[in-house]
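> fold the following.
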Amino acid sequence: MSTLKWQVSVRKALLGLGVRVVESPDEREHFVVVEGEGEGFEVVRPAYVDQATGKLILSGQLRRVFRPGTQADGGNGAQDATAKEDQP
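Numbers count the residues shown, from 1 in each chain. Next comes the predicted model:
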């Protein structure tokens, strides 16, 4: 059985047991930020929530990442390029 098929089977079994798998970083209340820098987030490990009660079964993990168009210094490439063009 391939890894993808195995993952799908496990997810279906969890849903059958009333467990919701949270893979969206938009639901940050179900996650712990474990590493990284930046203003964006990506899921390292999903969270698991009881569908009936809404209680957290296992918290997920998020990694902070820089959003597209931003740099480590907080600026973006477009602003930096404009500033360089203004110089003689």
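> use CA for all of it now, contacts and neighbours both
Fine.
> pLDDT below threshold where in the chain?
71-88 (pLDDT under 70).
> ok, how many other residues are close to Glu27?
Residues lying near Glu27 (other Cα atoms under 10 Å) number 10.
> contacts made by stretch 35-52 with the rest, please.
18-25, 30-31, 55-67, 72 (Cα atoms under 8 Å, 6 or more residues apart in numbering).
> buried residues in that stretch?
41-50 (16 or more other Cα atoms under 10 Å).
> among the residues you listed, which are located in strands?
41-45, 47-50 (DSSP state E).
> what's the closest of these to Leu4?
Arg45 (16.0 Å; Cα to Cα).
> now do the helices in the chain.
3-16, 77-85 (DSSP state H).
> okay, Val65 and Ala52: tell me how far apart.
33 Å (Cα to Cα, to the nearest Å).
> what does Glu42 give?
Distance from Glu42 to Ala52, by Cα to Cα: 26 Å.
> again, but for Phe41
Taken as Cα to Cα, the span from Phe41 to Ala52 is 27 Å.
> and for Arg63?
Taking Cα to Cα, one finds Arg63 at 28 Å from Ala52.
> cool, Gly38 as well?
Taking Cα to Cα, one finds Gly38 at 34 Å from Ala52.
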